[in-house]
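> What shape does this take:
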Amino acid sequence: MADTTSAADGTRPRKIIAGADGFGADLKDALVSQLRSLNIEVEDLGTSDYYSVGAEVGRRVSAASDSGTRGLVACGTGVGVGIFANKFPGVYAATCLTAADALNARSINNCNVLAVSGMSTTKDSAVEILNAWLDTPFKSPCPASNFKPWEDNLSCFLDNSMTEMPKIGKNELNFDNSCSICCLVKNRELNPLEIIPGGSMKIVRETPTSAIVRFKAGSVEPAHHHTFGHDLVVMEGRKSVWNLSKGERFDLGVGDYLFTPAGDVHRVKYYEDTEFFIKWDGHWDIFFDEDLETAKSEIDKVCVFVNNDE
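This next block holds a predicted model:
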């Protein structure tokens, strides 16, 4: 029978969003099994880069409408995933190597994302850490309080910290609400793409490759394909992508995401100066399936991009 201790009083979360990198995957899987044995709903995001999975868990916990949703992240040290999860408002991720760490993190910081180390923590120890984190309410007696109730002045401090912490830095820094990807490319010089007129690119990571790409309004990418699939997010402008292999068209604007599988032949048209972040699963390459004039002719035959407000 599943353990229901502390579940009735609302201490335990209703849902956990979990993810890990390759170094933390086994530990994450063990803790997901433990959570499910406790009848706690788990959304398992699987395995990805530590920065990607940490950020995605943080984003989803931040977007949750109530405190009943928490996060679980694991990487080699438990530090990187926690750092990226903490980039999102209302997320309090803590790396816990012992059950005492988990008690303190919950009691003092109302920690809502548990980060664990796949290289330093055994599965049995991780289960102890997880259970302590699940069953410890905010402001409960913990090792930091010598297991005694918090004094009134400290209890008031902890209450205020939940509203004050998100404000730290806002008065000292000039926030322009730019996204992290935009900040990544700020002040970087992009190199012209000689093989495609109007395009320029800056590689920010090699294999798997990440890059910032810009195209001038009116530019066309002739039909082509890549050895590896790629993800992209539009940061500025608008474009259309025709996946010729699948007979699909995608009209993309700011904030839109598209994945193109490896080998799929696709053609692109840019209606405005457009900038996007792109990530290939491996190295970057390109193989053309038509010339530029053919591409322009084919695009002229189809309908133009229509604004959403028209």
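> so after the helix-or-strand element of the chain with minimal mean pLDDT, what's the next helix or strand?
Every helix and strand of the chain was ranked by mean pLDDT, DSSP states H and E. The lowest is helix 180-185, at a mean of 54. Scanning forward in sequence from helix 180-185 by DSSP states H and E, the next helix or strand is strand 191-192.
> Give me the sheet partners of that following strand and which way each runs.
Strand 191-192 pairs in its sheet with strand 199-205 (antiparallel), by DSSP bridges.
> Averaged pLDDT, the partner strand. What do you get?
Within the predicted structure, the mean pLDDT of strand 199-205 is 88.
> quick one: contacts of that strand?
Counting by CB atoms under 8 Å, 6 or more residues apart in numbering, strand 199-205 makes contact with 184-185, 188-193, 209-216, 219, 221, 284, all of which sit outside it. The C-beta positions use only the backbone N, C-alpha and C, and glycine is treated the same way.
> which of those residues are buried?
Buried by 16 or more other CB atoms under 10 Å: 185, 190, 193, 209-215, 219, 221, 284, out of these.
> any idea which of those is closest to Val57?
Ser210 (20.1 Å; CB to CB).
> Pull the contacting residues for the closest one.
Applying CB under 8 Å, 6+ apart, the residues near Ser210 are 203-204, 277-280.
> ok, now with 7 Å
Residues near Ser210 by CB atoms under 7 Å, 6 or more residues apart in numbering: 204, 279.
> Phi and psi next, for it.
phi -120, psi 140 (degrees, to the nearest 10).
> cool, Glu298 as well?
Given degrees, to the nearest 10, the pair of backbone angles that Glu298 has is phi -70, psi -40.
> Not counting its neighbours along the chain, what's nearest it?
Arg267 (7.0 Å; CB to CB, 6 or more residues apart in numbering).
> Name the helix or strand for the one you found, please.
Using DSSP H and E, the element containing Arg267 is strand 266-270.
> Can you report the mean pLDDT over the residues of stretch 116-127?
96.
> Contacts for it next, please.
23-24, 26-27, 30-31, 34, 74-78, 95-97, 129.
> Also stretch 79-93?
Counting by CB under 7 Å, 6+ apart, 50-51, 53-55, 57-59, 61-62, 71, 73-75, 94-95, 109-113, 115, 166 sit against stretch 79-93.
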